[in-house]
Every structure is written in C-alpha cells, then in structure tokens.
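A.B. asks: no sequence on hand, only this structure:
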C-alpha cells in the first residue's frame, strides 16, 4: 500500500514503525473476586512503571541534565508512595474495586487536592500525579505507553503531529525518520526534521490509521511517498535510490569550502537558520557562511521561566564565538502566533497571527525586551553581531525599538560593561506594508531579511496553519516576486543588503529566481546549503536575471513554476 | 520526640525538598509524622506531605517515634537547612 504526503526532509528510510499516539485507556467499573490476584497485578504494574521511569530518568540525565532528571525521581516517588498504595489496597479489599479504577480514584483525589491548593507550584504537581497514574493504569490494563524516550531500536516514528518538544526528544541514533498525519513543509516538525537531517513526510492525513506498530515501511522524504509493507522489489529499488541520494550528497559535499559563485562570477552568501547553539555544528559541517537567522524563541520555549540576561548572554556568546568573524543575525523574541510560552499569559485572540506578537509584544513588555537586548549587546564583543527585529509594520515601531537599544547601550556604558561599536541593526520584512515602503525603511536600517512564510501568509491572507487554504501558499506567485523585487531594489539603492531567511531561500526552484532578482544572502536549513551552492555553480547570473524579469510578467504561480523548471533544465 | 519549625521558603515546603525529606524518612524504621494545622500524616509518603500544602511562614512539627530519634532529626534537619526551608 502506498500513501502520499508532503516531503518535508529529503532522504530515504526503510525501518519498522513506532506509533507515537496517546493511548486510549478505558477504566471499567467491574468488581473483582480475587483480592490477592488484584493486588499482585497492582504491584507488578507499579514495578514496571518504576523500571520505565528509571530508564527515562537516566536518559534524561544523559541528554539534558540532573536537574531535569529529578522530575522523574519525583515520579518514581509518587508511583511507590505508601499512602497511595494503602488507600488503593483498602478500596480493592473493602469495595472489591478493580485495581485500575482504585488507582485512578485515589490518584485523582490527590491531583484534585493539589489543584485546589492556593499555591501555583502545588497546582502544577497535579500534572505529575496524573502523569504517573496514567502510566501505572496503562500497565495494569496491559497497554503500552508510547514514550519516545523509550525507543531503543531503529524505527520510523509515526504520529498525528509532533510538537517541537516531541521532536527534540527523538534520539537520532534510533529514529531514522518520521511521518505525520498533519502539517506542511513549513510546520515546526518539518523544519526540525531538516535541521536534524532525518527524512520526514508530513501531511499524509491518515498514515496513523493505516499502519501498526512493527509494520515495515519505506519513507521517501523527497517525493513524500510512504510504502507500507513493501515487496522485496520495492526495497531493492529504494535502496538503489538511497545509494544515488548518498552519491548526490557526496557530490554536493565537494562544495563545502568553495565560495557561492555563479558561472559568471556573481558571488552571493549562503547562510543557515538555527534555533540553538547546538545547531552550529551542522552549519559548519554543511559549509554555511554564517547564520542568517538565529531564532531566539527556542531559548524561551525550552524553559519554565524567562531566560535571564546571563543565560541568554551565554547562548549568544557561544554562537558568535564558534562562528568567529562570520555574520550572525540574531532575531529578537518572536513569540505569539503559533508559538506560546507556558509562563507568559497572553490574551485569547481571534487572529493570533495578526495579533499582539513578536516586536509588538516586546515594545509593550520593555522589561523582557531590554533583558534580551542587554544580553545581545554584551555578547557583541565576541563576533559579528547583527540584531534583527521581527514583525515590524511601521517606521515608528522600528524607531522605538532602536531607541530602546540605545538606552541599553547607555545603561551598559554607565555600568562599565563593554560592547562592540559595530553592531548592525536590521528588520525582518514579513508584512507587505514594509515591503511596499522599503525605500523609506532602507534609510534607517543596515539590512533587510525577508521572512517568506509570514510574508506569503499576509500577502495572500491565508493562515498557514489552516490546511484548507494551503493552496494559497504560493512562493512563486508573481505578486510575491514583485514585492520581493521592491525590497531588494530599495536596499541596493541605499547601499544595504537584502537576505531571505524563509523556507523559500533553499527551494531549488525559487532560489534561482531570487538570485536573478539580486538577492544578496540566502539563509536556509543547513542541510540545503551544499545543494544550493552546487546549483548556483551551474547557473549564469545574467541568464537568471533575464529569467527573473520574465517571471515578473506572468499571471500565475503555475506559469512561473513551469517556466523556471524549463529554463533550469536547459541550463544544467 | 517532637520538634517545631517555621518554613521560610517562598514556595513553602515544595516538592523537591519534600521528596528528599520523604526519601530520608524512608531510610529509618521509625514511625515519623509531620503535623500542620491539626493534620498529622506520615512523613514517609510524598503524597501525604504534599497534600498538607505547607505554605511560607507555616509552623510545622515533626514527630519521631521509636529509637534514636536524634539521628532521624539530624538527617531531616540537614535537608531543611540545605534547602533554606527553615
């Protein structure tokens, strides 16, 4: 059987399926007859749970740290708690209640007690109790809890969707790929897959319903094809394709130390998008010439409180230092839309993507903003720092942000703390209003970086999280190309550069058009860099300029795509 | 034997030190109890201790029955002090 989805990350994987889905637990109210047997069942379930928790605990200590591991020590303590055990046993003995129901009643009583306490910390502990309870009850009922940290053999993970934290938990040694029901090329799980360099397919709609644990599948991340329980012939064919893919990668790898240059000597910059200092290794291994986008929000999302100035400083310094003198563009906090912080209460919004997010939020919460700006300034002496503000719509917003940055500089100066006097300040161009007024903005910034995912969503008025309008995600549409041209031309007129840090920059059809439009910097997933450098090395800038010019005269996305495909075929 | 303490931590007697107290108590054969606001429960159960919901500035008492109570108190007080609870 073959299922089609959206290829999110290139590569081929042939492995067993591991389904990652919430277990469906139904607790019956059946009475029991054999008390001794029921208590043995309970104790065995507790024992298995503790063994599992011990494994998770040790893995967490290895992958993260002891502090995170201690959460699971607490879980073990809850699972083995004598007070819970006493009450559960009482219910089994006196009411002949089955052990699953008894455990659920007792743990729920404790969970609710914590929830009702006048103490936020205790309220959160209710979550721990329910978590442990679910594990013990699953074992009583003989069900398996699907915990990604328990994977200890090579598998392909199949899920409805993967959250960024799910994805972060996946062990690359064992997880050879993943397939999800929902999502698109730009959903977080897809982006993560590319930065982890594991093949992935998203948006299959129904893969979860069509495979069982242990089924054998072939995942082709390039074409978005899943072959379930393939024939030997299929396996041979895909193994061959995999070898070809590896050979292709080996060819691209030869370009690691080469400049990004066209046949007629036009030089551009190929940079990488990163989410944390951990990604630097991949940037270097893929020949990235710098970082075109460091998404600082992961620093905030993987935290249970706002990261302090020092925590942020350490992260920024690490990135700047490890890239020596290469350019590093660090984007200030971009939260809101589909990205939330557990510890930051935000108003319910009808249109969060059009709401109080990113810079808009930072200009209101100047305390948060200043903490980040101070950390950035302090780190600036370690490298070539570029600060970038997201979601700017108005010149006055940009000016206010710059004033706050200046205030931070004065604060630091008064405290005798050093910072570089050569920090570049730029903005993301992701709102059409800015693209149209780019000539004015260009006079007040050092660079532009076009964020295509949002620019497309705002230009076509199409929520990128809504699959029903996903056909409106049209990166090759001439209207978008014209907006991009406005921005690039305006920047060049003022002697500044324009980059692109959206998914489009690494797209093998879009990149040649952007090259022709005069884009200076292309920032993409590290894994796309070598392929793009190879592509550019075969292209003539003059021809791409002519091709781009022609693209602007078309009426539809499809016409552009066809024309570019045809032109590129002739070139290569 | 019984001793009283005033909890000074902002979060009260919270999960992490509470769990260490429970672990420490579990190492002794003695019956060890914790009392707060007329409720007296075993200090060997994390659920029991947390269900007391001891806040900042609360006065709690710990009771140790059986042999060598001083040894038990020494072990528990070490945790209370190391975590700046008292």
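C.D. replies: That came through fine. All figures in this text were calculated on a predicted structure; none of them were measured in a lab. Numbering: from 1, shown residues only, chains lettered A, B, ... in the order given.
A.B. asks: identify the residues contacting the residue in chain B that chain A sits nearest to.
C.D. replies: Closest contact between chain B and chain A, by Cβ to the nearest Cβ, is at residue B:45 (3.5 Å). Bear in mind the C-beta positions are built from the backbone N, C-alpha and C, glycine included. When contacts are counted by Cβ atoms under 8 Å, 6 or more residues apart in numbering or on different chains, residue B:45 touches A:81, A:82, A:83, A:84, B:22.
A.B. asks: name the nearest residue to the third one, sequence neighbours excluded.
C.D. replies: Distances taken as Cβ to Cβ, 6 or more residues apart in numbering or on different chains put residue B:45 closest to residue A:83, at 3.5 Å, once the chain neighbours are dropped.
A.B. asks: where does that neighbour fall, phi/psi-wise?
C.D. replies: When quoted as degrees, to the nearest 10, the phi and psi of residue B:45 stand at phi -120, psi 120.
A.B. asks: any idea how many residues pack against the closest residue in space to residue A:497 that isn't next to it in sequence?
C.D. replies: Once flanking residues are discounted, residue A:497 sits nearest to residue A:520: 4.0 Å by Cβ to Cβ, 6+ apart. As a burial measure, residue A:520 scores 18 neighbours (other Cβ atoms under 10 Å in any protein chain shown).
A.B. asks: with the one 3 residues further on instead?
C.D. replies: Per other Cβ under 10 Å, the neighbour tally for residue A:523 reads 29.
A.B. asks: quickly find the element holding it.
C.D. replies: strand A:521-524 (DSSP states H and E).
A.B. asks: near chain B, which residues of chain A are found?
C.D. replies: Residues of chain A that fall close to chain B, judged by Cβ under 8 Å from any Cβ of the partner chain: A:70, A:73-74, A:77-78, A:81-84, A:110, A:113-114, A:117-119, A:121-122, A:125, A:128-129.
A.B. asks: are any of those residues buried, and if so which?
C.D. replies: A:70, A:73-74, A:77-78, A:81, A:83-84, A:110, A:113-114, A:117, A:119, A:122, A:125, A:128-129 (16 or more other Cβ atoms under 10 Å in any protein chain shown).
A.B. asks: tell me how far whichever strand or helix holds residue A:101 is from the chain's mean position?
C.D. replies: Per DSSP H and E, residue A:101 falls inside helix A:99-115. For helix A:99-115, the separation from the chain centroid amounts to 36 Å (computed by Cα atoms, centre = their mean, to the nearest Å).
A.B. asks: on the three-state scheme, residue A:198 is what?
C.D. replies: For residue A:198, the assignment made with DSSP: H, G, I helix; E, B strand; the rest coil gives coil.
A.B. asks: quick one: neighbours of the residue nearest to it when sequence neighbours are not counted, just the number.
C.D. replies: What sits nearest to residue A:198 in space, not counting adjacent residues and going by Cβ to Cβ, 6+ apart, is residue A:177, at 5.5 Å. When neighbours are counted by other Cβ under 10 Å, residue A:177 registers 26.
A.B. asks: so residue A:177: helix, strand or coil?
C.D. replies: strand.
A.B. asks: these two touch, right, it and residue A:13?
C.D. replies: Yes. Counting by Cβ atoms under 8 Å, residue A:177 touches residue A:13, with 3.5 Å between them.
A.B. asks: overlap of the contact sets of the two?
C.D. replies: In terms of Cβ under 8 Å, 6+ apart, residue A:177 and residue A:13 are both contacted by the residues A:156, A:198, A:199, A:219, A:221.
A.B. asks: what stretches of the stretch 451-572 of chain A score poorly on pLDDT?
C.D. replies: A:572 (pLDDT under 70).
A.B. asks: of all of it, which residue lies closest to chain B?
C.D. replies: Closest approach between the stretch 451-572 of chain A and chain B, counting by Cβ to the nearest Cβ: residue A:465, at 35.5 Å.
A.B. asks: just give the nearest non-adjacent residue to that residue, would you?
C.D. replies: residue A:338 (5.9 Å).
A.B. asks: please state the backbone phi and psi of the one you found?
C.D. replies: phi -100, psi 0.
A.B. asks: average pLDDT for stretch A:12-28?
C.D. replies: For stretch A:12-28, mean pLDDT rounds to 88.
A.B. asks: now it, how far from the chain's geometric center?
C.D. replies: Distance, centroid of stretch A:12-28 to centroid of chain: 22 Å (Cα atoms, centre = their mean).
A.B. asks: next, count neighbours for residue A:359.
C.D. replies: 24.
A.B. asks: run through the residues that contact it.
C.D. replies: Contacts of residue A:359 (Cβ under 8 Å, 6+ apart): A:332, A:389, A:390, A:391, A:392, A:397, A:401.
A.B. asks: quick check: the fifth one vs residue A:128, distance?
C.D. replies: Looking back up the chat, that one is residue A:392. Distance, residue A:392 to residue A:128, by Cβ to Cβ, to the nearest Å: 41 Å.
A.B. asks: do the lengthiest helix in chain B and chain A meet?
C.D. replies: If you go by DSSP state H, chain B has its longest helix at helix B:69-82. No. No part of helix B:69-82 sits near chain A under the criterion Cβ under 8 Å from any Cβ; the closest distance found is 14.2 Å.
A.B. asks: how about the strands of chain B, start to end?
C.D. replies: B:2-6, B:32-36, B:39-42, B:59-64 (DSSP state E).
A.B. asks: in its sheet, what does the second one sit against?
C.D. replies: Partner strands for strand B:32-36, per DSSP bridges, with pairing direction: strand B:39-42 (antiparallel), strand B:59-64 (antiparallel).
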